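>>> A structural model of the following input is requested.
(chains A and B, ligands or ions: 4)
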Amino acid sequence: MAEKERRKDVNTENRDMLISIIKKLAKKEVDKIEIPLTFYGFGRVKYDANKCVACLKCYENCPTKAYDAVRLFDLSTVKNADIESLWWKRGIIFQLIRELAQKDLEGYVEVPEGLRGYGRVEHNEELCISCSKCADLCPTKALTFENEINMSLWFKGGKEE
Amino acid sequence: MIGVLICECNGAITLDLKSIADSLRREVGDVEVKIKNAVCIDGFEEFKDYEKLVIAACSPQWHERTFKNFAKKHGIKNIYIVNIREHIAYVHKDGAKKAKAQIKAMISKARAGENGLKKEKPKELKSVLIVGSGIAGLTAALELEKLGFKCYIVEKEGEIGGILKDVPIVYPFNKSGEEIIREIKSKLKNTEIITNAEVFSVSGSVGNFDISVMRKIEDLVEVKSIKAGAVVLATGIEEFKPHDMVEYGYGTYKNVITQLELAKMLKEGKVDADTIVMQLCVGSRDEKFFSYCSKRCCIYSIDHAIMLKEMGKDVYIVYMDIRTTWKSEEELFRKARELGVKFIRGKIVDILEENGKLSLTLEDTLEQKVKTLNADMVVLSSALKARETNTILAQLFDVETDSYGFFKKFYPKIRVVETRRRGIYLAGAASEPKSVKEAILEAKAVAKKIATELKASFERARASVNEDMCIGCEICYKLCPHRAITMYSAGETSKAKVSEESCKACGTCVANCPTGAVQLPGFSTKEMLAYIEEIMKADIEPKIATFVCYECAYAALDAAGMSRERYPENYLIIPVPCLGRVGLLDVFKAFESGASGVLLVGCLENGCHYGRGNKNAEMIVELTKAILEGIGLEKDRIDIIKVVNADYKKFVEKANGFIEKIKELPKLEVKV
Ligand code: SF4
Ligand code: SF4
Ligand code: SF4
Ligand code: SF4
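Residues are numbered from 1 along each chain as shown, chains lettered A, B, ... in the order given. Ligands and ions are numbered 1, 2, ... in the order given. Take a look at the predicted model:
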């Protein structure tokens, strides 16, 4: 798969070394731990599809190519989004769709290739190194950082090839 | 072959050096070990042309330079100093095991890399841009000219002179501010003064800044590009206008004015009032406004009072404290009293105006009475505050300001004209209120500093990025305290690059890079890990990995040594340039290699010599605690302590306490 191809050979040497040491020292395996702060490299990305405008900045800039761009526009986001907090124009479009809709807004609409602004991204946590680049770039704060480490991924080990 | 030289230091190093040397010969391959007395005097000719030499002797504080000079003379490329005197012999009863481990660790490090000292490129630009044309800016220009620099002064007002130009008399010069300014200006030969102008963009780094300046000429705007090797921020100070302090009615009553407004009247020689009351500390030393002392108000209020007295006026000064710090100032204070200026300790609580006359209610805190007083004029010695424009300039030049908007000095006591960014310097009141005398001193200091900085080509290590390994995560870019890292785009990704001039070699980037692409020679991942692994083989239990920054922390341990303060030898020293160089990998590597505890020793809260290394380290400690707990280990295994060299006792106390906690914990088990 082309997407996976993009990810080959992403070097995370130091981080891998750290994780393998922690594994060796661990007395117990836990799924996740809470951390008192997020620090570059540690923390957990949270994605809010209702806020995402599919600008694909995260997808394009993630150093480990942890995002997939999904060409499916989730209609439920039109239903769930907080119109007030959307950008003005997007708000009008969503409002119009809501008004015109003849049936419940759910399911997916396929987005034509090359069109931005609709669709969503998928975050593959096993590839993520929590650098926070995506969250810093995301214009709508659809990506935020949680004070948590998903340790289960560390213990599962190895990158997805 | 790596050379190892152990110094006897005239018997001051009371360790069994011979047996240490023997076991090194036995246990470490490919080394040449020698013991010698007074290496600092005799040098080490016998290791001529060695690639690498480890010297076990006193603290590098004493003889690093000496050893480096000998190394140059003997053609030795890399030297590594192990401090077996202050850090071992002076503080432990039997330090031989620790000494052996520290030397072996240094040999491993030497084997893993090069210390990477490289000569800097000489900087060519012999021009300096100065922001602000007050006494500090002009003096800096004059001094820099003497040293062969061309200067550009950018002044945002139409006239030069800053706050000083309005001051009617300046002691001990006995001249008006205007005269002083005029005199200095007339001496300037190679300085271009650009008035009505502001800096609006800055790029480049020390030795080579490109600065655009916008100049207003009537309705037009002219843009000028200036190339400068260094920049001096000499923005000075401005007076707080106390409109918000309703008790004084400033802005409402015509005859309630500020001290600087009085200064202008005195300069004109015309003051329309017979009874004048001055209130000191208006807004200064006041939690609601400016909690600091503005330092100059006492003295220039007294100056003005004397002038008014000499004009035959009646003068009162209402004060909290009178602070006269120079010898000559105390004399002025005396003169004012002799001339009959009336000093009242207290504060004006209310002012009313009727038919142009002011009636004052004031609290006399000495007599503990409320008094009333009539006056024709009230003069408020209002706080001196940072220039509003400082915040914008700080952004443009990428330096920091404090909570009041003054520029932050690199280090409050010993590096007062430097900022955290190389090439950007401070002079005068831009960093805090100052007297004319102090501003002149700083301007002279800054000129010398720039001359050395731009002329010197130091030998020092700098970080660099391996392009092929960098994945462009921007972590280094966001963490570098000196903004030495820039990102550039390279095809689909971006990559990091280190500016040789700006990098101060703190190692923060190295500690936190997830890939290992950015490295600092001497403290690269490989060298550090090799060092940690080796030192944790020491035959001492329990072992505590002690990361010590080469600044205050290292010096504090030296000071503990000098005063022969004993602490357990379980603290195995891992020196780092700055605590910022300690990352999670280093900490966990220490645990994996056999440490039962980890202690980070760095500079005081706001004393980090690299800005925020100790703050980063604090976060690393917090994270480590959370992870330790998460994987079922004790979070008390790691701690951090911040010291200043004079307060070495704090470290000794900590060392004696921390070990007790660690001794209670079981040895860590490592799965294979
Ligand atoms: S950067 Fe934010 S808005 Fe843009 S695609 Fe990613 S998550 Fe969505
Ligand atoms: S935090 Fe970094 S690695 Fe993780 S998804 Fe965002 S950009 Fe990618
Ligand atoms: S932290 Fe490392 S991988 Fe990330 S941008 Fe910097 S050098 Fe590259
Ligand atoms: S060593 Fe320090 S100053 Fe140099 S690039 Fe790295 S973080 Fe910046």
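>>> quick one: stretch B:266-283 to chain centroid distance?
39 Å (Cα atoms, centre = their mean, to the nearest Å).
>>> Could you do stretch B:431-448 as well?
The answer for stretch B:431-448 is 16 Å, by Cα atoms, centre = their mean.
>>> Check which residues of it are buried.
With burial defined by 16 or more other Cβ atoms under 10 Å in any protein chain shown, the residues of stretch B:431-448 counted as buried are B:431-436, B:438-447. The way it works is simple: take the backbone N, C-alpha and C, and place the C-beta from them, glycine included.
>>> What of stretch B:479-496?
Those would be B:479, B:480, B:481, B:482, B:484, B:485, B:487, B:493, B:494, B:495, B:496, for stretch B:479-496 by 16+ other Cβ under 10 Å.
>>> Equivalent analysis for stretch B:188-206, please.
So for stretch B:188-206, counting by 16+ other Cβ under 10 Å, buried means B:191, B:193, B:194, B:195, B:196, B:197, B:198, B:199, B:202, B:204, B:205, B:206.
>>> Then stretch B:263-272?
Those would be B:263, B:265, B:266, B:267, B:271, for stretch B:263-272 by 16+ other Cβ under 10 Å.
>>> one step back: ok, so of the buried residues of stretch B:479-496, who is nearest residue B:642?
Each of the buried residues of stretch B:479-496 was checked against residue B:642 using Cβ to Cβ; the closest is residue B:481, at 16.5 Å.
>>> and the spatially closest residue to that closest one that is not a sequence neighbour, how far is that from residue B:485?
With sequence-adjacent residues excluded and distances taken as Cβ to Cβ, 6 or more residues apart in numbering or on different chains, residue B:481 is closest to residue B:611, at 3.7 Å. Distance, residue B:611 to residue B:485, using Cβ to Cβ, to the nearest Å: 14 Å.
>>> Now the common contact residues for those two.
The contact sets of residue B:611 and residue B:485 do not overlap (Cβ atoms under 8 Å, 6 or more residues apart in numbering or on different chains).
>>> Dihedrals phi and psi, the residue at minimal distance from the centre of chain A?
Nearest residue to the geometric centre of chain A (Cα atoms, centre = their mean): residue A:123, 3.5 Å. Torsion angles at residue A:123 (phi, psi; degrees, to the nearest 10) stand at phi -100, psi 120.
>>> give the contact list for it.
The neighbourhood of residue A:123, defined by Cβ under 8 Å, 6+ apart, consists of A:45, A:47, A:66, A:67, A:143.
>>> next one: residue B:627
By Cβ under 8 Å, 6+ apart, the contact list for residue B:627 reads A:22, A:33, A:35, A:149, B:584.
>>> Give me the distance between the fourth one and chain B.
Read it as residue A:149. Per Cβ to the nearest Cβ, to the nearest Å, residue A:149 is found 7 Å from chain B.
>>> what's around that residue, how many residues?
If you count neighbours by other Cβ atoms under 10 Å in any protein chain shown, residue A:149 ends up with 23.
>>> Please identify the residues of the stretch 501-650 of chain B in proximity to chain A?
Within the stretch 501-650 of chain B, the residues that sit near chain A (Cβ under 8 Å from any Cβ of the partner chain) are B:512-517, B:525, B:583-585, B:588-589, B:591-592, B:619-620, B:622-623, B:625-627, B:629-633.
>>> Kindly recompute the last result at 6 Å.
Contact residues, the stretch 501-650 of chain B versus chain A (Cβ under 6 Å from any Cβ of the partner chain): B:512, B:514-516, B:584-585, B:588, B:591-592, B:619, B:622-623, B:626, B:630-632.
>>> ok, back up a step: by neighbours, which of the contacts of residue A:123 wins?
residue A:67 (25 neighbours).
>>> Contacts only, for that residue.
Neighbouring residues of residue A:67 by Cβ atoms under 6 Å, 6 or more residues apart in numbering or on different chains: A:58, A:59, A:121, A:123.
>>> Bridged to it, which residues?
Bridge pairing for residue A:67 (DSSP bridges) gives the partners residue A:123.
>>> Where does pLDDT dip in chain B?
Counting by pLDDT under 70, chain B contains low-confidence residues at B:116-117, B:119-124, B:456-458.
>>> Determine the longest helix present in it.
Ranked by residue count and defined by DSSP state H, the top helix of chain B is helix B:436-455.
>>> which SS class is residue B:133?
Under DSSP: H, G, I helix; E, B strand; the rest coil, the three-state class of residue B:133 is coil.
>>> Just give me the neighbour total for it.
30.
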